[in-house]
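**Q** Sharing a model that was predicted from the sequence below.
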Amino acid sequence: MAVGLFVHLRLTGVGGDIAGDVLYAVAVYAGLVAVAPRLSSPVVAAIAGAWCVGVELFQLTGLPAQWGAGFGPAMLVLGTVFDPRDLVVYVATVAIAAVTDVVARRAAARPARG
């Protein structure tokens with residue numbers, strides 16, 4: 001969370017926006033794994049991807065910007081303004097997280113050599 005807040009508050013421009021999107025998608029993916037560790041990586045990826053894309057599309061309504069103006073922390077969860085680039089970053093990040101998760105789960109499941 002500290003890294004996410006640092007990026008949100010200190011990094012500006014396209015780099016900061018992309019870094020924030022990556023951290024958001026990873027946080028959603030990791031949060032799902034923490035809450036439901038028995039879900040398979042593809043299922044977690046589908047849910048995380050749907051959440052991120054849904055939140056981004058919800059920004060088209062203008063409600064997240066309104067709510068964020070009244071309650072700043074809402075912006076951290078819902079964002080403010082739709083950006084189609086964010087959709088690409090979310091999907092790519094969730095895919096990378098899922099591949100990393102699959103590799104990590106397989107490594108953890110292998111019996112230790114002794």
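**A** Alright, I've got the coordinates. Numbering: from 1, shown residues only.

**Q** biggest helix in the chain by residues?
**A** Longest helix of the chain, by residue count under DSSP state H: helix 84-109.

**Q** next one: that helix to chain centre, how far?
**A** Helix 84-109 has its C-alpha centroid displaced from the chain centroid by 10 Å (CA atoms, centre = their mean, to the nearest Å).

**Q** So which elements touch it?
**A** Contacting helix 84-109 under the criterion 3 or more CB pairs under 8 Å, 6 or more residues apart in numbering; DSSP states H and E are the following elements: helix 13-35, helix 41-58. In this view, the C-beta of every residue, glycine as well, is placed from N, C-alpha and C.

**Q** Let me know the angle separating the last one from helix 13-35.
**A** Using axes from the mean of the first three to the mean of the last three CA atoms, to 10 degrees, the interaxial angle of helix 41-58 with respect to helix 13-35 works out to 130 degrees.

**Q** for helix 41-58, packing partners?
**A** Judged by 3+ CB pairs under 8 Å, 6+ apart, the packing partners of helix 41-58 are helix 13-35, helix 73-78, helix 84-109.

**Q** Good, wrapping up.
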